[in-house]
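Novice: please work out how this folds:
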Amino acid sequence: MRPKHSPQRTCAVCGAKTDKRSLVRIVRTPEGAVLVDETGKRNGRGAYLCKRTGCWAEAAARPRRLSAALRAEIAQGDLEQVAAYGATLTKEPQPA
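Specialist: Coordinates of the predicted model:
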């Protein structure tokens, strides 16, 4: 039997390439709002962040990479919402 295909995605901040299901999707909706997409199925332009708190802190401190990945400027309120979600994640070790 062939192993099941597992889509790969890249973290927009650190560049780590890993399984799509182990990343969190950030989406820019057609209305222009930037949201954390826990289901991974919302309509809109998406970018992925790994679950390391360091990546979320850097995305909040320097939103340029995330803005480039989403191809839009991120409003301060949306950025604060993304940072708040990142603060709820448990600390995980950095990949080797």
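Novice: just the mean pLDDT for stretch 78-89, thanks.
Specialist: On average, the pLDDT along stretch 78-89 is 91.
Novice: contact partners of that stretch?
Specialist: 24, 26, 33-36, 49, 51-53, 55-57, 59-60, 63, 66, 74 (Cβ atoms under 8 Å, 6 or more residues apart in numbering). Placement of C-beta: from N, CA and C, glycine included.
Novice: number of nearby residues for R21?
Specialist: 9 (other Cβ atoms under 10 Å).
Novice: thinking again about what came up before, restricted to strands, list the contacts of stretch 78-89.
Specialist: Using DSSP state E, V24, I26, V34, L35, V36, L49 are the members of the contacts of stretch 78-89 that sit in strands.
Novice: report the buried members of these.
Specialist: Neighbour-count burial (16 or more other Cβ atoms under 10 Å) is assigned, among those, to V24, I26, V34, L35, V36, L49.
Novice: buried residues of stretch 56-74, list them for me.
Specialist: Buried residues in stretch 56-74, defined by neighbour count with 16+ other Cβ under 10 Å: W56, E58, A59, A60, P63, R65, L66, S67, A69, L70, A72, I74.
Novice: OK, contacts around the closest residue to G40 other than its chain neighbours?
Specialist: Excluding the flanking residues, the one nearest G40 by Cβ to Cβ, 6 or more residues apart in numbering is R25, at 4.9 Å. By Cβ under 8 Å, 6+ apart, the contact list for R25 reads V36, D37, E38, G40, R42, G46, A47, Y48.
Novice: let's see 7 Å
Specialist: Taking Cβ atoms under 7 Å, 6 or more residues apart in numbering, we find R25 in contact with D37, G40, G46, Y48.
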